[in-house]
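1. fold the stuff below for me.
(one chain, ligands or ions: 1)
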Amino acid sequence: MTGITSAGEKRLVVCSGRAYPQLAQEVARELHTEVLPTTAYDFANGEIYIRFQESVRGADAFVIQSHTAPINTWLMEQLIMVDALKRASAKRITVVAPFYPYARQDKKHQGREPISARLIADLFAAAGADRLMSVDLHTAQSQGFFDGPVDHLWAMPVLIDYVKTRVHGDLTMVSPDAGRIKVAERWANKLGGCPLAFVHKTRDITQPNVSVANRVVGDVKGRTCILVDDLIDTGGTIAEATKQLLKEGAKEVLVAATHGVFSPPAVQRLSECGAREVIVTDTLPITPDKQFPQLTILPIAPLLANAISAVFDDGSVTALFD
Ligand code: R5P
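-> As a prediction, this is how the structure comes out:
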């Protein structure tokens, strides 16, 4: 039977949706187990069918889904998996959504808008999730949308260990907008207290994916700039910020982001913006058509596996980041 049994007959079960099965397999490998064999297919009308091929009664189940496009399908699949686990008497169900779907829609900018990130948390709870695990939520306070434990993991240790090997000389940490300065500050502290800068970015909220980098606030002339963001979607934010930094005299720009969504035309924008390197993790699948010469992809599976292991053993997830 798949799963880890330890003292007290606890059984850890890793379940995977179909969005990015390789990620779940890597996590399972790190945990010295296997992904629970599952039957999953679509009916002719688009409805999804799920059945776990082994008993999950009493299991501590971790349901991994990577919310890439088509995101609504993969979300629905994960909800159905949680429902199946609940009805099959799993003891505890953790939704593992390394990239939290709809994370950016976490507040109303104008009247008559939804708060979709909250709705997603409600859907997970309604399906039967006991807890959530995610990496670099768009805003940390979204944890409060789910009325239960949320393990909010940071990709920063994974990214920073690599970035340290790629830079030297005068560094400046740069936030691509005012909202991410706290994150840039955390990075700066880890990099020995280098100076901070941010890009004054504006968006037209009536249009999706349109942003303008107006100017840079901070000292970037002649310096190696590390531009850090939670996610890169169409690449507009990062490409515009990179070009502005170079225009204002930065020696070079490295980009580090947790989630490589890479919706078109991200590949073109990122490969042509002048960044020396663009570093992301694989919380989302980065298919060959989304890859370009300056791109480096770092594995997120070890971090997820360590966090899952800590949760299963009632250990500390926080300690992973101390
Ligand atoms: C914005 O607040 C986010 O942190 C990202 O900077 C943004 O969503 C990225 O989108 P795009 O790559 O389409 O500019």
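2. make it CA atoms for all contacts and neighbour counts henceforth
-> Noted.
3. Ala189: which element?
-> Not quite, residue 189 is Asn, not Ala. helix 181-190 (DSSP states H and E).
4. ok, and what's touching that helix?
-> 156, 160, 172-175, 194-196, 198, 228 (CA atoms under 8 Å, 6 or more residues apart in numbering).
5. what's the angle from the helix or strand just after it to helix 181-190?
-> Using DSSP H and E, the helix or strand that directly follows helix 181-190 along the chain is strand 196-203. Relative orientation of strand 196-203 versus helix 181-190 (axes from the mean of the first three to the mean of the last three CA atoms, to 10 degrees): 160 degrees.
6. does any bit of strand 196-203 sit next to the ligand?
-> No: between strand 196-203 and the ligand, judged by CA under 6 Å from any ligand atom, nothing touches; the nearest distance is 9.3 Å.
7. ok, that strand: who's next to it in the sheet?
-> Strand 196-203 has the following sheet partners, assigned by DSSP bridges: strand 171-175 (parallel), strand 211-217 (antiparallel).
8. for the longest one, give the mean pLDDT please.
-> Along strand 211-217, the predicted confidence averages to a pLDDT of 88.
9. buried residues of that strand, list them for me.
-> 211-213, 216 (16 or more other CA atoms under 10 Å).
10. wait, which of those residues is closest to the ligand?
-> If you rank the buried residues of strand 211-217 by distance to the ligand using CA to the nearest ligand atom, Ser211 comes first, at 6.4 Å.
11. quick one: residues contacting the closest residue in space to the closest one that isn't next to it in sequence.
-> Setting aside the residues directly before and after it, Ser211 is nearest to Arg203 in space (CA to CA, 6 or more residues apart in numbering), at 4.5 Å. Counting by CA under 8 Å, 6+ apart, Arg203 makes contact with 210-212.
12. show me where the stretch 101-250 of the chain has strands.
-> 131-135, 150-153, 171-175, 196-203, 211-217, 224-232 (DSSP state E, counting those that start in this stretch).
13. tell me the most buried of the ones you listed?
-> strand 171-175 (a mean of 29; mean count of other CA atoms under 10 Å).
14. quick one: Leu12 is in a strand?
-> Yes: with DSSP: H, G, I helix; E, B strand; the rest coil as the criterion, Leu12 is located in a strand.
15. okay, now it: neighbour count?
-> Leu12 has 24 neighbours, counted by other CA atoms under 10 Å.
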